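# please find the sequence and the predicted model below.
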Amino acid sequence: MPAIKIHVTSGATVPQGVIIKGGGKKLPDYRNVAAVIYLDMADFKRMGTFPGTAVEVRNECGKVVVSSQLTPDGPHPGIAFMPRGPWANVIIGPETKCSGCPQYKDTVVEVEPVPEKAPLQMADLMRQQYIDPLK
C-alpha cells in the first residue's frame, strides 16, 4: 500500500473537549477521539485502503500511528484534519514565526497504511516520544 503526501490542519474538536473537561485524558476514550486523522475518500483510494485502518503519519519532525477515519466534511482530497493534541503534536513543527504558537494549519506529511499497528495510549506515546529519547 503506497504512502501519499497530504497537507494536515489541526484544531480542537467537541468530542475531544468533552473528554478533556471530564478529566479523561488518561482514558482509552481520549485516544479514540484524538489519535485520529480524517481523510477524504479520494485519499483512501490513492492509498488502497479503507477508513478505520491504522496509518503512520510522518514528516521531518516525527512519525506517529493514528486511526484513519472518513472526513465528515469535504470533499477535499489532499487535505486532512487531525485533532490538536499529543498525537498531532508529533508532526507539528516547532517554528512559531514570532507568534509564540506552532503552525497548526498547514503541515505537509506522508501517510502510509500500517494495518498491523495501532495508535499508542497517551502515556505510552509520551514515553516513546519524550522520555525514551533522553535515555
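Good, I have the coordinates.
# quick one: the helices in the protein, in order.
Ranges of helices within the chain are 14-21, 28-34, 41-47, 86-89, 122-126, based on DSSP state H.
# so where do the strands sit in this protein?
With strands called from DSSP state E, the chain shows them at 4-11, 36-39, 54-59, 62-70, 79-83, 107-113.
# how about low-confidence regions in the chain?
Across the chain, not a single residue meets the criterion (pLDDT under 70).
# rewinding a little: deepest of the helices of the chain, which one?
helix 86-89 (a mean of 22; mean count of other CB atoms under 10 Å). Every C-beta, even on glycine, is put in place using the N, C-alpha and C of the backbone.
# quick revisit: now distance to Asp132 too, for the helices of the chain, in JSON lines please.
Converted to JSON lines, those look like this (distance: least, CB to CB, whole Å):
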{"stretch": "helix 14-21", "distance to Asp132": "25"}
{"stretch": "helix 28-34", "distance to Asp132": "19"}
{"stretch": "helix 41-47", "distance to Asp132": "29"}
{"stretch": "helix 86-89", "distance to Asp132": "15"}
{"stretch": "helix 122-126", "distance to Asp132": "10"}
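# closest to Val64 out of these?
When the helices of the chain are compared by CB to CB, helix 86-89 sits nearest Val64, at 5.2 Å.
# tell me which of the strands of the chain sits most buried.
Compared across the strands of the chain, strand 36-39 shows the largest average neighbour count, a mean of 25 (mean count of other CB under 10 Å).
# contacts for that one, please.
By CB atoms under 8 Å, 6 or more residues apart in numbering, the surrounding residues in contact with strand 36-39 are 6, 8, 51, 55, 57, 66-73, 80-83, 87, 111.
# still on that earlier bit, out of the helices of the chain, which is closest to Thr107?
When the helices of the chain are compared for distance to Thr107 using CB to CB, the nearest one is helix 86-89, at 8.5 Å.
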